[in-house]
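# Provided below are the primary sequence and the corresponding predicted coordinates.
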Amino acid sequence: MRALGKGSIAEIIRVGLVIAWIVLWVAAAALVAMAVAYALHLGGIVDFGKMFGPDARIRIDENVVVSPITTPSWPVVVPAFLIGAVVVSGGMMIVWRLRKLFDSFCSGEPFAQENAAHLRAIWMTMIGIEMARYLLLALTGFLLLHFGGPLAQSTQIRLSVNLSTWASILILVVLAEVFREGARMKAEQELTI
């Protein structure tokens, strides 16, 4: 099976990117719905304690239960919504750029000038997501420290640097330059002929 052009691996990946695009839109809609529901809860319009029972809890993962869903849990919930918004919107930007990139791969034009710009936008978006992750983690710690009360004592926050993400960013920086140089060489070749 060919890597580029019609009927290629690039076309299979392009289909996967369309599915990822749809999933990200569903995630964005769910995030907005949850934010609205939480705002209604904070406003006293909806009481989730009555809807889900007194044992409803905020879960970070299967091992960490932060607290019951109460009004004082906003120092955790609000940054969680912001983190979700950064991840979903960043994912949408990356998938949109990847879709454009694979459109040109499927048409047999891997060294189109805009492909370098797409790769550059992807690595810049990834840096933005990582930096936002660090800032939002600091914001969560600050909010818990100043407004968390008993919630702050039961929560542990750890900063971790994801080396695979930073390595991926560096690889994308190099690939963006390779594609830029390939597009330049292709343009020179077209002028020569």
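It's in. Residues are numbered from 1 along each chain as shown.
# tell me which helix or strand comes right after the helix-or-strand element of the chain with minimal mean pLDDT.
Least confident helix or strand, the chain: strand 64-68 with a mean of 52, by mean pLDDT, DSSP states H and E. Using DSSP states H and E, the helix or strand that follows strand 64-68 towards the C-terminus is helix 74-106.
# residue ranges with poor pLDDT in this protein?
Within the chain, the segments meeting pLDDT under 70 span 47-72, 148-157, 193.
# okay, now the residue nearest to residue 110 when sequence neighbours are not counted: neighbour count?
Leaving aside its chain neighbours, residue 110 sits nearest to residue 4 (6.0 Å; criterion: C-beta to C-beta, 6 or more residues apart in numbering). C-beta coordinates here come from the backbone N, C-alpha and C atoms, glycine included. A count of neighbours around residue 4, defined by other C-beta atoms under 10 Å, yields 16.
# go on, residue 94?
Counted with other C-beta under 10 Å, residue 94 comes out at 20.
# equivalent analysis for residue 106, please.
20.
# so who does it touch?
4, 5, 6, 8, 10, 11, 14 (C-beta atoms under 8 Å, 6 or more residues apart in numbering).
# the residues you listed in helices, which ones?
10, 11, 14 (DSSP state H).
# mind putting the residues you listed in CSV, neighbour count included?
As requested, these are arranged in CSV below (neighbours: other C-beta atoms under 10 Å):
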residue, neighbour count
10, 21
11, 18
14, 17
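# reformat the residues you listed as TSV; add distance to residue 118.
Formatted as TSV, these follow (distance: C-beta to C-beta, whole Å):
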residue	distance to residue 118
10	14
11	17
14	13
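# so for the chain, the centremost residue is which one?
residue 87 (2.6 Å; C-alpha atoms, centre = their mean).
# surely that one meets residue 129?
Yes. Using C-beta atoms under 8 Å, residue 87 is in contact with residue 129, at 6.8 Å.
# any idea how far the residue nearest to the centre of the chain lies from residue 80?
Using C-beta to C-beta, to the nearest Å, we find residue 87 at a distance of 11 Å from residue 80.
# do residue 146 as well
Distance from residue 146 to residue 80, by C-beta to C-beta: 17 Å.
# ditto for residue 102
Where residue 80 is concerned, residue 102 sits at a distance of 32 Å (C-beta to C-beta).
# higher neighbour count, these two?
residue 102 (25 against 21).
# dump the residue contacts of that one.
So residue 102 contacts 10, 11, 13, 14, 17 (C-beta under 8 Å, 6+ apart).
# show me what contacts the first one?
For residue 10, the contacting residues are 3, 4, 102, 105, 106, taking C-beta under 8 Å, 6+ apart as the criterion.
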